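**Student:** mind looking at a prediction? Sequence and model below.
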Amino acid sequence: MGRTADQIPLFDSLSRKCVWVNGPIIVGAGPSGLAVAASLRDRGVPFVILERSDCIASLWQHRTYDRLKLHLPKQFCHLPRLPFAAGDPKYPTRKQFIVYLESYAKHFGISPRFNHSVRSAWFDETCGLWRVRAVAVSGSTEVEYIGRWLVAATGENAMKVVPEIEGLAEFRGSVTHVCDYKSGEVFAGKRVLVVGCGNSGMEVSLDLCDHSAHPSMVVRNSVHVLPREIYGRSTFELGVLLMKWLPLWLVDFIILLLSWLVLGKTEKYGLRRPRTGPMQLKTRHGRTPVLDSGALDKIKAGEIAVVPAVKRFFAAGNVELVNGEILEIDAVILATGYRSNVASWLQESDQLFSKDGVPKKPFPNGWKGRSGLYAVGFTGRGLAGASTDAVKVAEDISEAWKEETRQQKRVGACHRRCISQL
Ligand SMILES: Cc1cc2nc3c(=O)[nH]c(=O)nc-3n(C[C@H](O)[C@H](O)[C@H](O)COP(=O)(O)OP(=O)(O)OC[C@H]3O[C@@H](n4cnc5c(N)ncnc54)[C@H](O)[C@@H]3O)c2cc1C
Ligand SMILES: NC(=O)C1=CN([C@@H]2O[C@H](COP(=O)(O)OP(=O)(O)OC[C@H]3O[C@@H](n4cnc5c(N)ncnc54)[C@H](OP(=O)(O)O)[C@@H]3O)[C@@H](O)[C@H]2O)C=CC1
Ligand SMILES: O=C(O)C(=O)Cc1c[nH]c2ccccc12
């Protein structure tokens with residue numbers, strides 16, 4: 001591991017090492033971690049990024065399916081200070097997005113410490129510093145990073161949600177969470193139950209159809225399905241534009257009217273709409289509407305069956321639904337969502353985060369805690385929300401870092417806080 005003057009090992013033992021970081025410690029090298037790092041680099045502030053995986057943007061590299069594309073136009077998905085290449089399409093593919101993020105990291109000279117899984121982080125009142133313990137995934141080494149600022153950038157998708165459904169553990173066929181799904185190829189000819197009808201459940205069901213599998217999709221609740229584009233214009237872009245002039249309820253009214261013209265009544269196909277409009281649900285509750293990329297046509301054609309909630313699975317390979325119907329199935333794909341893991345590693349007394357691992361204060365106020373704690377990318381607003389957070393966090397840390405650096409220079413070049421030994 002390379003050492004720079006900003007990261008000085010304080011003491012080494014066989015299994016534990018202490019590293020002083022003259023700048024923020026960023027946890028997570030996804031788009032949020034990269035965005036805040038780039039914004040800090042721009043302001044001349046040093047940092048360390050700790051990443052549990054072996055690459056940047058591990059969600060996109062290891063935990064997404066082959067056919068995935070950004071579902072918002074690229075101008076809403078780029079990170080601060082570096083837009084997508086002009087040659088990239090309006091909706092970059094997963095691969096193009098990864099290439100963009102790799103070049104982003106290279107452009108800003110960002111080299112995260114990979115295979116470093118943060119297990120705990122707490123603020124040590126005695127020295128006024130954050131103490132962040134990471135385990136090097138390859139071996140038994142534990143490294144403690146110590147610094148004045150901590151940025152949580154581990155994302156809203158750090159852990160898969162696996163529901164507890166009776167009989168699921170005994171079910172004889174394959175059970176996969178969508179984060180391990182790559183393509184429908186391996187399911188050709190199989191009857192597959194897709195649990196969940198968010199963007200993942202809908203697109204995986206479509207992918208299964210395209211690979212000659214037979215999906216049934218569980219829809220247990222209401223859901224907003226919108227066309228990805230309305231008459232050639234991104235629905236999201238239209239929503240953002242209208243929101244500049246009109247109240248949210250009116251924006252929703254217009255979007256729902258246009259969606260009805262393009263898609264027809266989704267209720268006819270078992271996709272009941274929530275009472276609250278799609279943009280209100282997204283901005284107030286973080287519930288993303290489905291931006292349809294072709295699944296609805298397959299539902300209309302009967303190639304994707306919409307079914308109600310699951311009551312229980314049977315070991316023999318069938319499933320009972322809440323309406324009493326029994327389906328024979330070969331495999332289950334859980335498209336049941338994700339959650340934050342912040343509560344599992346961050347101990348904080350001032351409670352920037354709720355017990356669910358997301359900031360308590362709603363956007364745009366959830367980015368700053370006390371004692372040098374920050375959050376980037378927990379806004380429920382995708383990549384644009386992460387970029388907004390990142391710029392604010394970098395500005396704030398940069399001011400504090402410059403002030404501390406000036407003070408240190410005044411006191412003497414080598415002045416450093418006293419750090420207790422482990
Ligand atoms: C399938 C999918 C598609 C999406 N598509 C879009 C889209 O088109 N447009 C849009 O705006 N948003 C989209 N989103 C929203 C999504 O939130 C962003 O795309 C984005 O990846 C979030 O970036 P992030 O850095 O906050 O989190 P992540 O990308 O999840 O990155 C967090 C990083 O932190 C690391 N990490 C976690 N815990 C630890 C730990 N304890 N120690 C060290 N490292 C840790 C992880 O390994 C990961 O690399 C999508 C989400 C999903 C799941
Ligand atoms: N760029 C793109 O094209 C894509 C973007 N994404 C994004 O990734 C994020 C995650 O999306 P996604 O993976 O779809 O997760 P979501 O959290 O959006 O959806 C989870 C789905 O699972 C359902 N569910 C959860 N538990 C159960 C259960 N026990 N029984 C039945 N249904 C259940 C939920 O239903 P309920 O509403 O009733 O809780 C919901 O329909 C979103 O922000 C999404 O926009 C995802 C895929 C593609
Ligand atoms: O894909 C996601 O998770 C997003 O959060 C992107 C997004 C932000 N605001 C929206 C409004 C409607 C549809 C998608 C999004």
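**Tutor:** Cool, got the structure. Ligands and ions are numbered 1, 2, ... in the order given.
**Student:** CA only for contacts and neighbour counts going forward, please
**Tutor:** Will do.
**Student:** what about the residue in the chain positioned nearest to ligand 3, how many residues nearby?
**Tutor:** Nearest residue of the chain to ligand 3: Gly382, at 3.4 Å (CA to the nearest ligand atom). For Gly382, the neighbour count with other CA atoms under 10 Å is 19.
**Student:** spatially nearest residue to it, not counting backbone neighbours?
**Tutor:** Cys77 (7.9 Å; CA to CA, 6 or more residues apart in numbering).
**Student:** which of the residues in stretch 242-249 are buried?
**Tutor:** Neighbour counts using 16 or more other CA atoms under 10 Å place 242-243, 248 of stretch 242-249 among the buried residues.
**Student:** re the thing from before, quick one: neighbours of the residue nearest to Gly382, just the number.
**Tutor:** 22.
**Student:** Phe187 too?
**Tutor:** Phe187 has 18 nearby residues by other CA under 10 Å.
**Student:** quick one, grab the pLDDT at the closest residue in space to it that isn't next to it in sequence.
**Tutor:** The shortest distance from Phe187 to any non-neighbouring residue, by CA to CA, 6+ apart, is to Ala213 (5.7 Å). Note on Ala213: pLDDT of 98.
**Student:** next one: Arg417
**Tutor:** pLDDT, Arg417: 46.
**Student:** next, the distance between the ends of stretch 203-218.
**Tutor:** Using CA to CA, to the nearest Å, the end-to-end distance of stretch 203-218 comes out at 13 Å.
**Student:** for the stretch 251-400 of the chain, what lies in contact range of ligand 1?
**Tutor:** When proximity is defined by CA under 6 Å from any ligand atom, the stretch 251-400 of the chain lies next to ligand 1 at 377, 382-384.
**Student:** which parts of the stretch 301-422 of the chain are strands?
**Tutor:** For the stretch 301-422 of the chain, the strands defined by DSSP state E, counting those that start in this stretch cover 305-307, 310-314, 318-321, 326-328, 331-334, 338-339, 373-375.
**Student:** got the buried residues for the longest helix anywhere in the chain?
**Tutor:** Counting residues, the longest helix in the chain under DSSP state H turns out to be helix 382-411. Within helix 382-411, the residues that count as buried by 16+ other CA under 10 Å are 382-394, 397-398, 400-401.
**Student:** same question, stretch 179-193
**Tutor:** Those would be 179, 181-184, 187, 189-193, for stretch 179-193 by 16+ other CA under 10 Å.
**Student:** tell me the mean pLDDT for it?
**Tutor:** 98.
**Student:** contact partners of it?
**Tutor:** For stretch 179-193, the surrounding residues in contact (CA atoms under 8 Å, 6 or more residues apart in numbering) are 63-67, 160, 204, 207-218, 328-333.
**Student:** restricted to strands, list these.
**Tutor:** Members of the contacts of stretch 179-193 lying in strands (criterion: DSSP state E): 160, 214-218, 328, 331-333.
**Student:** now do the domain split for this structure, please.
**Tutor:** Following automatic domain parsing, one finds the domains of the chain at 7-158+338-421, 161-334.
**Student:** mean pLDDT lowest where, among these?
**Tutor:** Among these, domain 7-158+338-421 scores lowest, at a mean of 92.
**Student:** around ligand 2, pick out the residues from the protein.
**Tutor:** 68-71, 163, 195-201, 218, 220-221, 288, 309, 335-337.
**Student:** in strands only, show me these.
**Tutor:** 195, 218.
**Student:** from the residues of the chain next to ligand 2, which would you call buried?
**Tutor:** 68-69, 71, 195-201, 218, 220, 288, 309, 335-337.
**Student:** mind listing what Gln96 touches?
**Tutor:** Asp88.
**Student:** can you name the element that comes right after the strand or helix carrying it?
**Tutor:** Taking DSSP states H and E as the criterion, Gln96 maps to helix 94-107. Next helix or strand after helix 94-107 toward the C-terminus (DSSP H and E): strand 116-124.
**Student:** can you list contacts of that following strand?
**Tutor:** 27, 50-53, 129-137, 344-348, 371.
**Student:** how about stretch 25-37?
**Tutor:** Contacts to stretch 25-37, defined as CA under 8 Å, 6+ apart, come from residues 47-52, 55-59, 79-80, 101, 104-105, 110, 112, 118, 145, 147, 149-155, 376-377, 383, 386-387, 390-391, 393-394.
**Student:** can I get the buried residues of stretch 179-193 in a markdown table including distance to Glu170 and secondary structure?
**Tutor:** What follows is those, written out as a markdown table (distance: CA to CA, whole Å; DSSP: H, G, I helix; E, B strand; the rest coil):
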| residue | distance to Glu170 | secondary structure |
| --- | --- | --- |
| Cys179 | 21 | helix |
| Tyr181 | 21 | coil |
| Lys182 | 24 | coil |
| Ser183 | 25 | coil |
| Gly184 | 23 | helix |
| Phe187 | 20 | helix |
| Gly189 | 23 | coil |
| Lys190 | 19 | coil |
| Arg191 | 18 | strand |
| Val192 | 17 | strand |
| Leu193 | 16 | strand |
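**Student:** three-state assignment of the nearest residue to Cys18 once chain neighbours are set aside?
**Tutor:** Counting by CA to CA, 6+ apart, the nearest residue to Cys18 once its immediate chain neighbours are dropped is Glu144, at 4.7 Å. Secondary structure, DSSP: H, G, I helix; E, B strand; the rest coil: Glu144 is strand.
**Student:** contacting residues for Glu144?
**Tutor:** For Glu144, the contact set (CA under 8 Å, 6+ apart) comprises 16-19, 131-134.
**Student:** ok, which pair from those is furthest apart?
**Tutor:** Spatial extent of those (CA to CA) is set by the pair Arg16 and Arg131 at 13.3 Å.
**Student:** of the two, who's got more company?
**Tutor:** Taking other CA under 10 Å, Arg16 and Arg131 do not tie; Arg131 has more neighbours (22 against 16).
**Student:** so the more buried one sits against Tyr145, correct?
**Tutor:** Yes: counting by CA atoms under 8 Å, Arg131 touches Tyr145, with 5.9 Å between them.
**Student:** coming back round to it: the buried ones among the residues of the chain next to ligand 2 in helices, which ones?
**Tutor:** Using DSSP H, those in helices are 199-201.
**Student:** stretch 354-364 vs ligand 3: in contact?
**Tutor:** No: Stretch 354-364 does not reach ligand 3 (CA under 6 Å from any ligand atom); its nearest approach is 12.2 Å.
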